[in-house]
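Asks: Just a sequence and a predicted model for now, questions to come.
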Amino acid sequence: MPLKFLFSLSLFLSILCFTTNLYADWINFSGAENSHNIAEIYIEEGGVRMQLEVYVGDLETFEPLIPDDLLTQRTADRPDLKTRERLFANQVLQVIADGKRLPVLFKLVEPRMRIDRPSPFAGKINPYTRQPIPGPPQDRRVLYAELVYPFNEQPQTIRFVPPVDENGMPLASIGFLCNHAGVTVVDYRLMSPESTLHLDWEDPWYSEFDNKALKRKVGTGMRTFLYIEPYEVRKEIIVRPVDLQRWVDLGLEGLETIPPELQPELTRQAAEFLRDHHNVLIDGEGSDIHIVAVVDGERLDAGNGAVLDPTRPLELVAGDEGVECMVLQGRPIGEPVAQYGPFVMNTHAEIQQAFEDYRRTQFGGWPWGSDDPNHGPTARRFANHADGRVEVFDVDPVHAD
């Protein structure tokens, strides 16, 4: 894997008490993920790739994007596709690289339903503006488009300009996220014409917008999270190997990628270094780190998993507190997999259909009068078989026809 990628190490500290001074990670209250229009932007070697969702109520603003076959009334003087692509790139959604507008190619344009994006703060009050945080529009119909803005040379700056009026005010609200060469530059924020992205092609981690509201909240290559539980503190460290190499020799000098055979030793060295140099004090005192389990010579902490080789024996050594583990085994299905929330299908279109089926039928409906998952005060276990046979389990199995 490339050295610029992040990896995580989790250290578990057993404690008897915990401190009261806690600081939360930054929370995005903008509600941009619920904007009427959404743009997911990926800056790659040969250009800018954009996945755009246009709200049905804003179609007039994005009119050049609409295919001819989706228009109920088409005028004879409507521009052809190439002209509409040029109008879109120059007037609707502009991508300006090093001061020059990039052309656009419409790769795919079709009607879809809006993707559901988690928004735990929708409807709540923004503590800074004292205004409600917006939720998604009730009408979920969108015009989905995959666009490509090609360039021949790697630009140093890129600016994204939404459709604006004669006074330079946006005509449509666009929530966007931006990714440069596999590294997220910014999560969902509101697009504005005043923001310029400065690109670092050597290390995209340091690509950033000049607009303060769009800057990454953590500029270093390491992030630390503390999870406080009644009887333990879990410390999770996310660090880039290329940055850790500056502090401890991981044997990565001169390497562009990390070979798989080096990864176990790399993880061990990084864990030892961070345990010694990234301490946690609880009420001014240090705490012992307890190993949960060792799998085939490698430490494995609670809540984590490991991919095993089924062709050879495996040694599992429990830590001081004992360990419970679950082993999952299965053959590769040899098919594409698309997953969103609880739904797992083969394609994105099937995920959308599953959402629609659930909303329409609840997968067969709920035959009880209450939505509560309760079938009376007596706990019961049962199994319905394909042949119509029902097994009910109390203390002893009971077979019913």
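Replies: The structure has been received and is ready for your questions.
Asks: Tell me which other helices or strands the helix or strand encompassing residue 146 touches.
Replies: Using DSSP states H and E, residue 146 falls within strand 141-150. Contacts defined by 3 or more Cβ pairs under 8 Å, 6 or more residues apart in numbering; DSSP states H and E place strand 141-150 against strand 47-55, strand 105-113. Just so you know, the C-beta spots here come from the backbone N, C-alpha and C atoms, and that holds for glycine as well.
Asks: To residue 246, which of these lies closest?
Replies: strand 47-55 (31.4 Å; Cβ to Cβ).
Asks: where does this structure dip in pLDDT?
Replies: For the chain, the stretches flagged by pLDDT under 70 are 1-27, 217-221, 231, 286-297, 299, 301-303, 319-321, 362-381, 393-401.
Asks: tell me which residues in the host helix or strand of residue 235 are buried?
Replies: According to DSSP H and E, residue 235 maps onto strand 232-239. With burial defined by 16 or more other Cβ atoms under 10 Å, the residues of strand 232-239 counted as buried are 232, 233, 234, 235, 236, 237, 239.
Asks: repeat for stretch 195-206
Replies: 195, 197, 199, 204, 205.
Asks: quick one: contacts of that stretch?
Replies: By Cβ atoms under 8 Å, 6 or more residues apart in numbering, the surrounding residues in contact with stretch 195-206 are 4, 43, 154-160, 178, 180-183, 185, 207-211, 214, 219, 221, 240, 242.
Asks: Specify the local secondary structure of the residue positioned nearest the centre of the chain.
Replies: By Cα atoms, centre = their mean, the mean C-alpha position of the chain lies nearest to residue 187, the distance being 9.0 Å. The three-state label given to residue 187 by DSSP: H, G, I helix; E, B strand; the rest coil is strand.
Asks: check contacts around it.
Replies: 28, 177.
Asks: And it, how far from residue 157?
Replies: 21 Å (Cβ to Cβ, to the nearest Å).
Asks: domain assignment for the protein?
Replies: Split into domains by automatic domain parsing, the chain comes to 7-23+222-290, 32-214, 338-400.
Asks: In CSV: these, plus distance to residue 306.
Replies: Below are these laid out as CSV (distance: least, Cβ to Cβ, whole Å):
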stretch, distance to residue 306
domain 7-23+222-290, 10
domain 32-214, 24
domain 338-400, 21
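Asks: Please identify the deepest-packed of those.
Replies: Across these, averaging neighbours per residue (mean count of other Cβ atoms under 10 Å) puts domain 32-214 on top, at a mean of 16.
Asks: For residue 309, find the nearest of the domains of the chain.
Replies: That would be domain 7-23+222-290 among the domains of the chain, by Cβ to Cβ, at 12.2 Å.
Asks: For that closest one, what is the distance to the chain centroid?
Replies: 23 Å (Cα atoms, centre = their mean, to the nearest Å).
Asks: Likewise for stretch 206-214?
Replies: With Cα atoms, centre = their mean, you get 20 Å for stretch 206-214.
Asks: Any chance you could give me that stretch in CSV, C-alpha atoms only?
Replies: What follows is stretch 206-214, C-alpha atoms only, in CSV (Å, rounded to 0.1, in the frame of the first residue of the first chain):
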residue,chain,number,x,y,z
TYR,A,206,-1.1,18.6,2.3
SER,A,207,-3.5,19.7,-0.5
GLU,A,208,-5.8,22.3,1.0
PHE,A,209,-8.3,25.1,0.3
ASP,A,210,-7.3,28.7,1.1
ASN,A,211,-10.8,29.3,2.6
LYS,A,212,-10.6,28.8,6.3
ALA,A,213,-14.1,27.2,6.4
LEU,A,214,-12.8,24.5,4.1
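Asks: picking up where we left off before, and the strand holding residue 235, which strands flank it?
Replies: Paired strands of strand 232-239, with direction, are strand 7-14 (antiparallel), strand 222-228 (antiparallel) (DSSP bridges).
Asks: Name the surrounding residues that touch the shortest one.
Replies: The one in question is strand 222-228. 18, 22, 25, 233-240, 243-244, 278, 280.
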